[in-house]
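Enquirer: Next one to model:
(chains A and B)
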Number of protein chains: 2
Amino acid sequence: MKTINLQEKQSKFNKQWHPHQIAVVDNMQVLLAKLKGDFVWHAHENEDELFQVLKGTLYMQFRDRTEIVKEGEIIVVPKGVEHCPRTENDEVVEVLLFEKLSTSHTGNVIDKKTQTEYPKI
Amino acid sequence: MKTINLQEKQSKFNKQWHPHQIAVVDNMQVLLAKLKGDFVWHAHENEDELFQVLKGTLYMQFRDRTEIVKEGEIIVVPKGVEHCPRTENDEVVEVLLFEKLSTSHTGNVIDKKTQTEYPKI
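Expert: As a prediction, the model looks like this:
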């Protein structure tokens, strides 16, 4: 029940593509992450996933198009839909994620970027 | 799977203490609301509730203290905990809420401010 400052929490880590947990709401969690470059094509078969851009511009690639998500904007990736987040021009993009506690980082894909634990900060 | 701009959505309504739904993530929903003055003391017996301040300063009153939540900050109110949001100096505070679809606006309290339906925008 303490106030959580998003920028203060973002300052606590630098590792890219490595979500950190800042809060839990029922069976879901709030994560912060820093993204740079290309992630991994994957889907979450049973869970939706919300991205909110706090800083920079996120390019959310779907198989048929790319959605541009700027600071102050959100996008929900529905369960089962393949997606691959990407950033441009070496920009480090800061995002807030909202997803189930059970959501796997890269769905059913295992990659060198895959994280199995999210530090709590 | 479309990008949602939070400020553009906030511009679509003016009614205070009346959440509007902008997205659903699994069994939870993302709501936007404008708050001014005092709300109603209540608790949600079975659901946590997340507030993110998009504009202004929110005073989240608990029975034993008040947490100040500024722009770029969040607070999670755990299930069962009495709370009463408040703003100061006639400020209209804009918030994003994240809560279960089943969450009642004012918990088990019925008040003239109680909304039973949240418009989708």
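
Enquirer: so what pLDDT did the most centrally placed residue in chain A get?
Expert: Centroid-nearest residue in chain A: A:Leu97, 4.7 Å away (criterion: CA atoms, centre = their mean). Note on A:Leu97: pLDDT of 98.

Enquirer: Tell me the secondary structure at it.
Expert: strand (DSSP: H, G, I helix; E, B strand; the rest coil).

Enquirer: Tell me what it is bridged to.
Expert: Note on A:Leu97: beta-bridge partners by DSSP bridges are A:Leu31, A:Phe51.

Enquirer: Report the buried residues of stretch A:91-98.
Expert: Buried residues in stretch A:91-98, counting neighbours by 16 or more other CB atoms under 10 Å in any protein chain shown, are found at A:93-98. C-beta coordinates here come from the backbone N, C-alpha and C atoms, glycine included.

Enquirer: Could you do stretch A:113-121 as well?
Expert: For stretch A:113-121, the neighbour count (16+ other CB under 10 Å) marks A:113, A:118 as buried.

Enquirer: Any chance you could list what contacts it?
Expert: Outside stretch A:113-121, the residues within contact range by CB atoms under 8 Å, 6 or more residues apart in numbering or on different chains are A:9, A:12-13, A:17-22, A:29, A:31-32, A:39-40, A:105-106.

Enquirer: So what's the model's average confidence on it?
Expert: Stretch A:113-121 shows a mean pLDDT of 93 in the predicted model.

Enquirer: Alpha carbons of it, as CSV, please.
Expert: What follows is stretch A:113-121, C-alpha atoms only, in CSV (Å, rounded to 0.1, in the frame of the first residue of the first chain):
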residue,chain,number,x,y,z
LYS,A,113,16.8,-13.7,-24.2
THR,A,114,14.3,-15.8,-22.3
GLN,A,115,14.1,-15.0,-18.5
THR,A,116,12.5,-17.5,-16.2
GLU,A,117,12.5,-15.3,-13.1
TYR,A,118,11.7,-11.6,-12.7
PRO,A,119,13.5,-9.8,-9.9
LYS,A,120,11.2,-7.9,-7.5
ILE,A,121,12.2,-4.3,-7.0
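
Enquirer: Please compute how far it lies from its chain's middle.
Expert: Averaging C-alpha positions (CA atoms, centre = their mean, to the nearest Å) puts stretch A:113-121 11 Å from its chain's average.

Enquirer: now swap in stretch A:49-58 and tell me
Expert: Relative to its parent chain, stretch A:49-58 has a centroid offset of 7 Å by CA atoms, centre = their mean.

Enquirer: and it, C-alpha only, in CSV?
Expert: What follows is stretch A:49-58, C-alpha atoms only, in CSV (Å, rounded to 0.1, in the frame of the first residue of the first chain):
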residue,chain,number,x,y,z
GLU,A,49,-0.4,-9.0,-22.3
LEU,A,50,-0.5,-5.3,-21.9
PHE,A,51,2.3,-3.0,-22.8
GLN,A,52,2.4,0.7,-21.7
VAL,A,53,5.2,2.8,-23.1
LEU,A,54,6.7,5.1,-20.5
LYS,A,55,9.6,6.4,-22.6
GLY,A,56,10.5,6.1,-26.2
THR,A,57,8.8,4.4,-29.1
LEU,A,58,7.9,0.8,-29.3
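
Enquirer: still on that earlier bit, show the buried residues in the contacts of stretch A:113-121.
Expert: Using 16+ other CB under 10 Å, the buried members of the contacts of stretch A:113-121 are A:9, A:17-22, A:29, A:31-32, A:39-40, A:105-106.

Enquirer: From those, which land in helices?
Expert: Counting by DSSP state H, the buried ones among the contacts of stretch A:113-121 place A:Lys9 in helices.
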